[in-house]
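> here you go, sequence then predicted model.
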Amino acid sequence: MRLTLAEIRKRVETEGDAYAVLEELRWPNGPICPHCHHDKAYYLKPKNGATRATGPKKTMSYRRVWKCAKCRRQFSVLTDTIFHGTKVPIETWLMVMVQMCSAKNGISAREIERMHGVTPETAWFVLHRLREAMKREPLAAMLRGTIVADETYIGGTPKKMNKPAKAVNYKLRMTPRAQGYDRGTAKTAVLSLVDAETGEVRSRVVPRVDGHNLRKVMSEQVDMANSTLWTDEGSWYGQIGQEFQAHETVNHSQDEYVDWITGASTNRAEGYFSQLKRSIDGTHHHVSREHLPRYLAEFDFRYSTCKMKDGDRLERMVDQSAGRRLTYRPLRDRSIGGANGS
């Protein structure tokens, strides 16, 4: 489906139209029951565009309801998805999804707040629910082939911090093994694995950059026995590389960035880090460690689907939205000191 902001404005005149567009995205071949996964259902309501909802306010509802022919349960396109229970208009959801899929540098909650007239909390929650849908499928196949591995650090520079922030940074550095922080600062270590053939990237926050932690991530994501590993000269990759078919390195300390004999290079991973850091610094400004994995999922998703058209990327995101309901309170409670990012 070729869906742009202009197309949404043209097709969506009422909230019922927005439901119909979302149904096309999630069910291109007709409704499927989210309870029993049967592919035959009957449309129930509203028959005339809108119906009066129950409750003290008796507000009008455009929610399109279906009934499964097998289990006889009612459902809508929102059931058991990231949209479940939302009070935000579906038209707003559609516009934000198009923006998320087409903005290469991401989009911040403050921008969504200003553009769509929602509260900062609502904008932040909507974006995190969409990032949840961008996460890789749990049963996706392991990476196989030539794998580029590299690590980076996300976070502020201590010397540029104000006094209160420096005090927090010092406390973190004094914590035993820094509890997931590295390089003597409050920066968070991230490992990215890039498939050199397909361009798929998978990024994970690691407690510490050492052989044990990096191997744990690689063993979960890569078929190591049938793959070739490309890395820099980091000593922590030495033991891990022995479990791969081959391990090729480049020596950055000697200004070697491509091995012209084997073709080994870490440029694919470093190019991904460049996009990631520019976007965090320029768009979001601050991302807390607690929510960083979801931001990584967002950038992994866009980078891995960079050759797709925006409409195809949108369809994939909606297709992955099922079974990933995310509620506000647990998400908010994982924030430290209100540092949620934007």
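The structure has been received and is ready for your questions.
> just the helices in the stretch 101-250 of the chain please.
Assigned by DSSP state H, counting those that start in this stretch, the helices in the stretch 101-250 of the chain fall at 109-116, 120-134, 163-174, 211-221, 237-241.
> indicate which one of these is closest to L3.
Comparison of the helices of the stretch 101-250 of the chain against L3 by C-beta to C-beta identifies helix 120-134 as nearest, at 14.8 Å. C-beta: built from backbone N, CA, C; applies to glycine.
> need the contact partners of the closest one.
Under the contact criterion C-beta atoms under 8 Å, 6 or more residues apart in numbering, helix 120-134 has outside partners 82-83, 88, 92-93, 96-97, 100, 107, 109-110, 112-113, 116, 118, 291, 294-295, 297-298, 300-302, 317-318, 320-321, 324, 326, 328, 331, 340, 342.
> just those: which are in strands?
When these are checked against strands (DSSP state E), there are no matches.
> of the residues you listed, grab the buried ones for PyMOL.
Restricted to buried positions by 16 or more other C-beta atoms under 10 Å, the PyMOL selection for those reads:
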select buried, resi 82+83+88+92+93+96+97+100+107+109+112+113+116+118+291+294+295+297+298+300+301+302+317+318+320+321+324+326+331+340+342
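> so which of the contacts of helix 120-134 belong to helices?
92-93, 96-97, 100, 109-110, 112-113, 116, 294-295, 297-298, 300-302, 317-318, 328, 331 (DSSP state H).
> okay, now the domains of this protein?
Taking automatic domain parsing as the criterion, the chain consists of the domains 5-134, 146-289.
> can you redo the ones you listed as CSV with distance to M308?
What follows is those, written out as CSV (distance: least, C-beta to C-beta, whole Å):
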stretch, distance to M308
domain 5-134, 9
domain 146-289, 11
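> indicate which one of those domains is closest to C306.
Shortest separation from C306 across these is recorded for domain 146-289, at 7.0 Å, computed as C-beta to C-beta.
> endpoints of the closest one, how far apart?
Counting by C-alpha to C-alpha, to the nearest Å, you get 30 Å between the two ends of domain 146-289.
> stretch 203-212 now?
17 Å.
> which residues are contacting it?
Around stretch 203-212, the neighbours that count as contacts under C-beta under 8 Å, 6+ apart are 151, 177-180, 182, 188-193, 213-214, 217, 221, 234, 236-240, 272, 276, 289, 292-293, 296, 299-300.
> what average pLDDT does it get?
Average pLDDT, stretch 203-212: 92.
> could you turn the buried ones of the contacts of stretch 203-212 into a PyMOL selection?
Buried members of the contacts of stretch 203-212 can be picked out in PyMOL with the line below, counting by 16+ other C-beta under 10 Å:
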select buried, resi 151+178+180+182+188+189+190+191+192+193+213+214+217+221+234+236+237+240+272+276+289+292+296+299+300
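> which of the helices of the stretch 101-250 of the chain sits most buried?
helix 120-134 (a mean of 22; mean count of other C-beta atoms under 10 Å).
> which residues are contacting the one helix or strand A6 maps to?
A6 is part of helix 5-11, with elements assigned from DSSP states H and E. Counting contacts by C-beta under 8 Å, 6+ apart, the residues outside helix 5-11 that touch it are D17, V21, E91, L94, M95, V98, Q99.
> what number of residues lie near the third one?
Summarising burial for E91: neighbours were counted as other C-beta atoms under 10 Å, giving 22.
> offset the numbering so it begins at 54, please.
Noted, 54 is the first residue going forward, which turns the last one into E144.
> quick check: closest non-adjacent residue to it.
When the adjacent residues along the chain are set aside, E144 lies closest to A71, with 4.2 Å between them (C-beta to C-beta, 6 or more residues apart in numbering).
> residue contacts, that neighbour?
Under the contact definition (C-beta under 8 Å, 6+ apart), the residues listed for A71 are V65, Y115, P142, I143, E144, W146, L147.
> worst average pLDDT in the domains of the chain?
Per-stretch averages of pLDDT across these put domain 199-342 at the bottom, with a mean of 86.
> run the chain-centre distance for it.
In terms of C-alpha atoms, centre = their mean, to the nearest Å, the gap separating the centre of domain 199-342 from the centre of its chain is 18 Å.
> what of stretch 82-91?
How far stretch 82-91 lies from its chain's middle: 25 Å, per C-alpha atoms, centre = their mean.
> buried residues in stretch 328-347?
Buried positions in stretch 328-347, judged by neighbour count with 16+ other C-beta under 10 Å: 328-329, 332-333, 336-337, 340-345, 347.
> hmm, which two among those are most spread apart?
Using C-beta to C-beta, the buried residues of stretch 328-347 span at most 22.4 Å, a distance reached by Q328 and E343.
> how far off centre is the helix holding A59?
Here helix 58-64 is found 25 Å from its chain centre; the criterion is C-alpha atoms, centre = their mean.
> and if you look at stretch 186-195?
Mean C-alpha position of stretch 186-195 versus that of the full chain (C-alpha atoms, centre = their mean) differs by 11 Å.
> endpoint to endpoint, it covers what distance?
Start-to-end span of stretch 186-195 (C-alpha to C-alpha) is 19 Å.
> ok, now stretch 85-96?
From its first residue to its last, stretch 85-96 covers 12 Å (C-alpha to C-alpha).
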